[in-house]
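Have a look; sequence and predicted model below, questions after that.
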Amino acid sequence: MSDSHAHPPVSLYVKVISTLTVITAFEIALILPGIKAWYRAELPALAANVVPILLIMSAAKFWAVVYFFMHLRQDHGTPRMVFGFPLGLAALMILVLMLLNGHFVS
Amino acid sequence: MSADAHTEYTSLGIPHRKLGFWTFLGSECMFFGTLIGTYLSYRGKSLTGPYPHETFSVQVTTISTFTLLASSFFMVMALHYVREGKRFAAGAWLLATAAGGLIFVGFQSFEFTEFYHKGLSLSKNLYGTTFFVLTGFHGAHVSGGILWLLSLFVMNAQGKLPKEKEMDVEIAGLYWHFVDIVWIIIFTVVYLVEFAQ
(Lines give C-alpha, C1' and ligand atoms only; values in the text may rest on other atoms or scores of the structure.)
Protein backbone atom coordinates (compact mmCIF):
# COMPACT_ATOMS: atom_id res chain seq x y z
CA MET A 1 0.00 0.00 0.00
CA SER A 2 1.26 3.45 -0.72
CA ASP A 3 1.18 6.63 1.34
CA SER A 4 -0.27 8.60 -1.54
CA HIS A 5 -2.91 11.19 -0.71
CA ALA A 6 -4.01 14.54 -2.09
CA HIS A 7 -1.95 17.42 -0.73
CA PRO A 8 -4.00 20.17 0.91
CA PRO A 9 -4.17 23.59 -0.78
CA VAL A 10 -2.34 26.63 0.63
CA SER A 11 -5.70 28.32 1.27
CA LEU A 12 -6.48 25.65 3.90
CA TYR A 13 -3.22 26.39 5.74
CA VAL A 14 -3.98 30.12 5.65
CA LYS A 15 -7.43 29.50 7.13
CA VAL A 16 -5.95 27.31 9.88
CA ILE A 17 -3.22 29.77 10.90
CA SER A 18 -5.75 32.63 10.82
CA THR A 19 -8.04 30.68 13.15
CA LEU A 20 -5.13 29.82 15.45
CA THR A 21 -4.12 33.48 15.60
CA VAL A 22 -7.66 34.59 16.48
CA ILE A 23 -7.99 31.95 19.22
CA THR A 24 -4.60 32.92 20.69
CA ALA A 25 -5.54 36.61 20.63
CA PHE A 26 -8.78 35.75 22.44
CA GLU A 27 -6.87 33.70 25.04
CA ILE A 28 -4.53 36.60 25.75
CA ALA A 29 -7.44 39.06 25.88
CA LEU A 30 -8.98 36.96 28.66
CA ILE A 31 -5.97 37.50 30.93
CA LEU A 32 -5.37 41.21 30.30
CA PRO A 33 -5.95 43.07 33.60
CA GLY A 34 -8.53 45.55 32.23
CA ILE A 35 -10.60 42.89 30.48
CA LYS A 36 -10.27 40.51 33.42
CA ALA A 37 -11.56 43.17 35.82
CA TRP A 38 -14.47 43.87 33.47
CA TYR A 39 -15.70 40.30 33.09
CA ARG A 40 -15.19 39.60 36.79
CA ALA A 41 -17.57 42.46 37.53
CA GLU A 42 -20.01 42.02 34.65
CA LEU A 43 -19.86 38.34 33.74
CA PRO A 44 -19.31 36.23 36.87
CA ALA A 45 -20.17 33.02 35.01
CA LEU A 46 -17.31 33.64 32.59
CA ALA A 47 -14.96 34.55 35.44
CA ALA A 48 -15.79 31.32 37.27
CA ASN A 49 -15.08 29.19 34.19
CA VAL A 50 -12.16 31.01 32.61
CA VAL A 51 -9.65 28.18 33.22
CA PRO A 52 -11.80 25.47 31.53
CA ILE A 53 -12.45 27.93 28.67
CA LEU A 54 -8.70 28.49 28.25
CA LEU A 55 -8.12 24.73 28.24
CA ILE A 56 -10.82 24.16 25.62
CA MET A 57 -9.31 26.86 23.36
CA SER A 58 -5.87 25.33 23.86
CA ALA A 59 -7.22 21.88 22.96
CA ALA A 60 -8.84 23.32 19.83
CA LYS A 61 -5.51 24.83 18.74
CA PHE A 62 -3.72 21.59 19.50
CA TRP A 63 -6.22 19.60 17.44
CA ALA A 64 -6.04 22.03 14.50
CA VAL A 65 -2.23 21.78 14.29
CA VAL A 66 -2.24 17.98 14.59
CA TYR A 67 -5.13 17.46 12.18
CA PHE A 68 -4.23 19.96 9.46
CA PHE A 69 -0.52 20.86 9.76
CA MET A 70 0.65 17.38 10.79
CA HIS A 71 -1.82 15.88 8.30
CA LEU A 72 -3.23 13.37 10.78
CA ARG A 73 -6.58 13.73 9.04
CA GLN A 74 -4.96 11.89 6.11
CA ASP A 75 -2.90 9.43 8.15
CA HIS A 76 -5.58 7.03 9.30
CA GLY A 77 -5.19 3.96 11.46
CA THR A 78 -1.85 3.18 13.03
CA PRO A 79 -0.43 6.75 13.29
CA ARG A 80 -3.57 7.88 15.06
CA MET A 81 -3.26 4.98 17.47
CA VAL A 82 0.48 5.25 18.25
CA PHE A 83 0.20 9.01 18.74
CA GLY A 84 -3.33 9.27 20.09
CA PHE A 85 -3.07 6.71 22.89
CA PRO A 86 -0.07 8.24 24.73
CA LEU A 87 -1.47 11.70 24.01
CA GLY A 88 -4.76 10.70 25.62
CA LEU A 89 -2.93 9.30 28.65
CA ALA A 90 -0.85 12.47 29.03
CA ALA A 91 -3.92 14.70 28.65
CA LEU A 92 -5.83 12.65 31.21
CA MET A 93 -2.93 12.88 33.67
CA ILE A 94 -2.71 16.67 33.24
CA LEU A 95 -6.47 17.14 33.70
CA VAL A 96 -6.58 14.91 36.78
CA LEU A 97 -3.64 16.75 38.36
CA MET A 98 -5.29 20.10 37.65
CA LEU A 99 -8.49 18.83 39.23
CA LEU A 100 -6.74 17.35 42.28
CA ASN A 101 -4.70 20.49 42.90
CA GLY A 102 -7.61 22.87 42.46
CA HIS A 103 -6.20 24.61 39.38
CA PHE A 104 -9.62 24.92 37.77
CA VAL A 105 -10.69 27.40 40.42
CA SER A 106 -10.27 30.97 39.17
CA MET B 1 4.06 -3.00 -5.88
CA SER B 2 7.21 -1.23 -6.89
CA ALA B 3 9.10 0.70 -4.28
CA ASP B 4 10.03 3.86 -6.14
CA ALA B 5 10.76 7.22 -4.57
CA HIS B 6 7.09 8.07 -4.05
CA THR B 7 5.60 4.82 -2.83
CA GLU B 8 6.65 2.20 -0.35
CA TYR B 9 4.76 -1.00 0.23
CA THR B 10 3.94 -1.53 3.88
CA SER B 11 1.31 -3.72 5.49
CA LEU B 12 0.19 -0.80 7.68
CA GLY B 13 -0.30 1.60 4.78
CA ILE B 14 2.22 4.17 5.91
CA PRO B 15 5.98 4.43 5.26
CA HIS B 16 8.03 2.86 8.02
CA ARG B 17 10.02 6.03 8.73
CA LYS B 18 6.86 8.04 9.16
CA LEU B 19 5.23 5.46 11.40
CA GLY B 20 8.41 5.24 13.46
CA PHE B 21 8.37 8.99 13.86
CA TRP B 22 4.71 9.07 14.91
CA THR B 23 5.62 6.45 17.53
CA PHE B 24 8.52 8.61 18.71
CA LEU B 25 6.16 11.59 18.99
CA GLY B 26 3.80 9.40 21.05
CA SER B 27 6.65 8.77 23.49
CA GLU B 28 7.38 12.50 23.51
CA CYS B 29 3.75 13.11 24.53
CA MET B 30 4.37 11.03 27.65
CA PHE B 31 7.70 12.78 28.26
CA PHE B 32 6.22 16.27 28.19
CA GLY B 33 3.04 15.05 29.88
CA THR B 34 5.20 13.96 32.80
CA LEU B 35 7.04 17.28 32.98
CA ILE B 36 3.81 19.28 32.79
CA GLY B 37 2.28 16.96 35.40
CA THR B 38 5.23 17.55 37.70
CA TYR B 39 4.91 21.33 37.28
CA LEU B 40 1.20 21.11 38.11
CA SER B 41 1.78 18.85 41.11
CA TYR B 42 4.16 21.37 42.69
CA ARG B 43 2.39 24.51 41.50
CA GLY B 44 1.71 26.89 44.36
CA LYS B 45 3.74 24.79 46.81
CA SER B 46 6.96 26.85 46.86
CA LEU B 47 7.80 27.96 50.36
CA THR B 48 10.03 30.84 49.26
CA GLY B 49 9.84 33.32 46.39
CA PRO B 50 10.06 34.42 43.74
CA TYR B 51 6.66 33.17 42.67
CA PRO B 52 5.21 32.89 39.13
CA HIS B 53 3.18 36.14 39.29
CA GLU B 54 6.37 38.00 40.29
CA THR B 55 8.35 36.76 37.30
CA PHE B 56 6.07 36.13 34.30
CA SER B 57 5.83 38.74 31.56
CA VAL B 58 2.75 38.36 29.39
CA GLN B 59 4.21 40.59 26.66
CA VAL B 60 7.37 38.54 26.13
CA THR B 61 5.51 35.23 26.17
CA THR B 62 2.82 36.52 23.82
CA ILE B 63 5.36 37.55 21.18
CA SER B 64 7.28 34.27 21.39
CA THR B 65 4.03 32.28 21.24
CA PHE B 66 2.85 34.05 18.08
CA THR B 67 6.32 33.55 16.55
CA LEU B 68 6.31 29.81 17.16
CA LEU B 69 2.73 29.55 15.89
CA ALA B 70 3.68 31.41 12.70
CA SER B 71 6.71 29.15 12.21
CA SER B 72 4.36 26.15 12.07
CA PHE B 73 2.62 27.82 9.14
CA PHE B 74 6.00 28.53 7.52
CA MET B 75 6.82 24.83 7.88
CA VAL B 76 3.74 23.61 6.02
CA MET B 77 4.52 26.15 3.30
CA ALA B 78 8.07 24.76 3.02
CA LEU B 79 6.69 21.24 2.65
CA HIS B 80 4.17 22.46 0.10
CA TYR B 81 6.89 23.98 -2.10
CA VAL B 82 9.20 20.98 -1.73
CA ARG B 83 6.31 18.86 -3.03
CA GLU B 84 5.86 21.31 -5.90
CA GLY B 85 9.58 21.11 -6.71
CA LYS B 86 10.03 24.88 -6.23
CA ARG B 87 13.49 24.96 -4.71
CA PHE B 88 13.85 28.69 -4.06
CA ALA B 89 10.46 29.04 -2.36
CA ALA B 90 11.05 25.89 -0.32
CA GLY B 91 14.42 27.24 0.86
CA ALA B 92 12.92 30.60 1.79
CA TRP B 93 10.13 29.00 3.87
CA LEU B 94 12.58 26.60 5.54
CA LEU B 95 14.77 29.54 6.49
CA ALA B 96 11.74 31.50 7.74
CA THR B 97 10.74 28.52 9.90
CA ALA B 98 14.23 28.28 11.41
CA ALA B 99 14.23 32.06 11.96
CA GLY B 100 10.91 31.77 13.82
CA GLY B 101 12.44 29.12 16.04
CA LEU B 102 15.52 31.25 16.65
CA ILE B 103 13.38 34.21 17.69
CA PHE B 104 11.46 31.95 20.07
CA VAL B 105 14.67 30.61 21.63
CA GLY B 106 16.00 34.19 21.84
CA PHE B 107 12.92 35.30 23.76
CA GLN B 108 13.20 32.26 26.01
CA SER B 109 16.86 33.07 26.76
CA PHE B 110 15.83 36.65 27.56
CA GLU B 111 13.05 35.38 29.82
CA PHE B 112 15.37 32.96 31.64
CA THR B 113 17.92 35.75 32.19
CA GLU B 114 15.21 38.08 33.52
CA PHE B 115 13.97 35.39 35.88
CA TYR B 116 17.50 34.76 37.12
CA HIS B 117 17.94 38.47 37.82
CA LYS B 118 14.70 38.36 39.80
CA GLY B 119 16.24 35.66 42.00
CA LEU B 120 14.76 32.54 40.38
CA SER B 121 17.11 29.68 39.64
CA LEU B 122 16.87 25.94 39.06
CA SER B 123 17.51 25.23 42.74
CA LYS B 124 15.79 28.26 44.32
CA ASN B 125 12.37 26.69 44.94
CA LEU B 126 9.89 24.14 43.54
CA TYR B 127 8.60 26.66 41.01
CA GLY B 128 12.13 27.34 39.70
CA THR B 129 12.98 23.66 39.42
CA THR B 130 9.79 22.53 37.69
CA PHE B 131 9.53 25.63 35.46
CA PHE B 132 13.12 25.57 34.20
CA VAL B 133 13.12 21.81 33.62
CA LEU B 134 9.85 21.94 31.68
CA THR B 135 10.53 25.01 29.54
CA GLY B 136 14.24 24.19 29.28
CA PHE B 137 13.53 20.77 27.76
CA HIS B 138 11.06 22.39 25.39
CA GLY B 139 13.65 25.01 24.41
CA ALA B 140 16.20 22.24 23.82
CA HIS B 141 13.71 20.52 21.51
CA VAL B 142 13.17 23.78 19.59
CA SER B 143 16.95 24.25 19.32
CA GLY B 144 17.34 20.73 17.92
CA GLY B 145 14.58 21.47 15.44
CA ILE B 146 16.34 24.65 14.30
CA LEU B 147 19.52 22.65 13.53
CA TRP B 148 17.42 20.09 11.65
CA LEU B 149 15.72 22.82 9.59
CA LEU B 150 19.02 24.54 8.81
CA SER B 151 20.49 21.25 7.62
CA LEU B 152 17.48 20.82 5.32
CA PHE B 153 17.98 24.39 4.10
CA VAL B 154 21.61 23.63 3.21
CA MET B 155 20.59 20.38 1.49
CA ASN B 156 17.98 22.30 -0.49
CA ALA B 157 20.52 24.98 -1.45
CA GLN B 158 22.84 22.23 -2.70
CA GLY B 159 20.02 20.73 -4.77
CA LYS B 160 19.87 17.62 -2.60
CA LEU B 161 16.23 18.06 -1.64
CA PRO B 162 14.17 17.23 -4.74
CA LYS B 163 10.45 16.56 -4.42
CA GLU B 164 11.18 12.81 -4.33
CA LYS B 165 12.64 13.49 -0.87
CA GLU B 166 9.54 15.20 0.46
CA MET B 167 9.40 12.62 3.25
CA ASP B 168 12.56 14.13 4.77
CA VAL B 169 10.82 17.50 5.04
CA GLU B 170 7.51 15.99 6.13
CA ILE B 171 9.16 14.21 9.06
CA ALA B 172 11.05 17.37 10.07
CA GLY B 173 7.68 19.13 9.84
CA LEU B 174 6.05 16.58 12.16
CA TYR B 175 8.76 17.30 14.71
CA TRP B 176 8.43 21.06 14.32
CA HIS B 177 4.65 21.01 14.67
CA PHE B 178 5.03 18.81 17.72
CA VAL B 179 7.21 21.35 19.52
CA ASP B 180 4.58 23.93 18.60
CA ILE B 181 1.70 21.91 20.08
CA VAL B 182 3.70 21.26 23.24
CA TRP B 183 4.14 25.01 23.58
CA ILE B 184 0.39 25.51 23.04
CA ILE B 185 -0.19 23.40 26.17
CA ILE B 186 2.68 24.93 28.19
CA PHE B 187 1.52 28.45 27.29
CA THR B 188 -1.97 27.72 28.60
CA VAL B 189 -1.21 25.55 31.62
CA VAL B 190 1.84 27.44 32.88
CA TYR B 191 1.29 31.06 31.82
CA LEU B 192 -2.39 31.75 31.00
CA VAL B 193 -3.85 29.85 33.95
CA GLU B 194 -1.47 31.75 36.25
CA PHE B 195 -2.70 35.11 34.95
CA ALA B 196 -6.35 34.01 34.87
CA GLN B 197 -6.46 33.13 38.56
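All right, it came through fine. Just so we're clear, the structure is a prediction, and the values are computed from it rather than from any experiment. Numbering: from 1, shown residues only, chains lettered A, B, ... in the order given.

show me where pLDDT drops low in chain A?
The model of chain A has pLDDT under 70 over residues A:1-5, A:105-106.

What are the boundaries of the helices in it?
Listed in chain order, the helices found in chain A under DSSP state H are A:10-31, A:33-42, A:44-48, A:50-64, A:78-100.

Let me know whether the shortest one sits next to chain B.
Same thing as helix A:44-48. No: among the residues of helix A:44-48, none lie within reach of chain B under C-beta under 8 Å from any C-beta of the partner chain; the closest is 9.1 Å away. Any C-beta I mention is one placed from the backbone N, CA and C, and that applies to glycine too.

Which other helices and strands does that helix contact?
Here helix A:44-48 is seen to pack against helix A:33-42 when contacts are counted using 3 or more C-beta pairs under 8 Å, 6 or more residues apart in numbering or on different chains; DSSP states H and E.

Name the residues of the helix it packs on that are buried.
Of the residues in helix A:33-42, residue A:36 count as buried by neighbour count, 16 or more other C-beta atoms under 10 Å in any protein chain shown.

Off-centre distance for it?
Here helix A:33-42 is found 23 Å from its chain centre; the criterion is C-alpha atoms, centre = their mean, to the nearest Å.

do the same with stretch B:77-84
20 Å.

So out of everything in chain B, what residue is nearest chain A?
Distances from chain B to chain A, computed as C-beta to the nearest C-beta, single out residue B:33 as the nearest residue at 2.6 Å.

Please name the nearest non-neighbouring residue to that residue.
Setting aside the residues directly before and after it, residue B:33 is nearest to residue A:90 in space (C-beta to C-beta, 6 or more residues apart in numbering or on different chains), at 2.6 Å.

And for residue B:119?
With C-beta to C-beta, 6+ apart as the criterion, residue B:119 has its nearest non-adjacent residue at 5.2 Å, and that residue is residue B:50.

is it true that the residue of chain B closest to chain A touches residue A:96?
No: in this structure, residue B:33 is not within contact of residue A:96 by C-beta atoms under 8 Å, at 11.2 Å.

rewinding a little: what about the residue of chain B closest to chain A, how many residues nearby?
Residue B:33 has 22 neighbouring residues, counting by other C-beta atoms under 10 Å in any protein chain shown.

so what's it up against?
Under the criterion of C-beta atoms under 8 Å, 6 or more residues apart in numbering or on different chains, the contact list for residue B:33 reads A:86, A:89, A:90, A:91, A:93, A:94.

in the strand or helix carrying it, what counts as buried?
Here residue B:33 sits within helix B:16-42, counting by DSSP states H and E. Buried positions in helix B:16-42, judged by neighbour count with 16+ other C-beta under 10 Å: B:18-19, B:21-23, B:25-26, B:28-30, B:32-33, B:35-40, B:42.

Helix, strand, or coil at the residue nearest to residue B:119?
Classification of residue B:50 using DSSP: H, G, I helix; E, B strand; the rest coil returns coil.

From what I see, it and residue B:121 are in contact.
No: the criterion here is C-beta under 8 Å, and residue B:50 misses it with residue B:121 at 9.9 Å.

So those two - more neighbours on which side?
It is residue B:50, of residue B:50 and residue B:121, that has more neighbours when counted by other C-beta under 10 Å, with 17 against 14.

State the pLDDT value of that one.
Model confidence at residue B:50, given as pLDDT, is 94.

Need the phi and psi values for it.
In terms of degrees, to the nearest 10, the main-chain angles of residue B:50 are phi -70, psi 150.

who touches it in this structure?
Residues in contact with residue B:50, defined by C-beta under 8 Å, 6+ apart, are B:115, B:118, B:119, B:120, B:124, B:125, B:127.

how about a cut-off of 7 Å?
Contact analysis of residue B:50 by C-beta atoms under 7 Å, 6 or more residues apart in numbering or on different chains lists B:118, B:119, B:120.

Could you do residue B:101 as well?
If you count contacts by C-beta under 7 Å, 6+ apart, residue B:101 has them with B:71, B:142, B:145, B:146, B:149.

let's go with 10 Å and repeat that
With contacts defined as C-beta atoms under 10 Å, 6 or more residues apart in numbering or on different chains, residue B:101 is in contact with B:67-68, B:71, B:74-75, B:139, B:142-150, B:176, B:179-180.

Over to residue B:178?
Applying C-beta under 10 Å, 6+ apart, one finds that residue B:178 lies in contact with A:65-66, A:70, A:83, B:21-22, B:24-25, B:28-29, B:32, B:72, B:141, B:145.

Likewise for residue B:148?
Residue B:148 makes contact with B:98, B:101, B:168, B:171, B:172, B:175, B:176, according to C-beta under 10 Å, 6+ apart.
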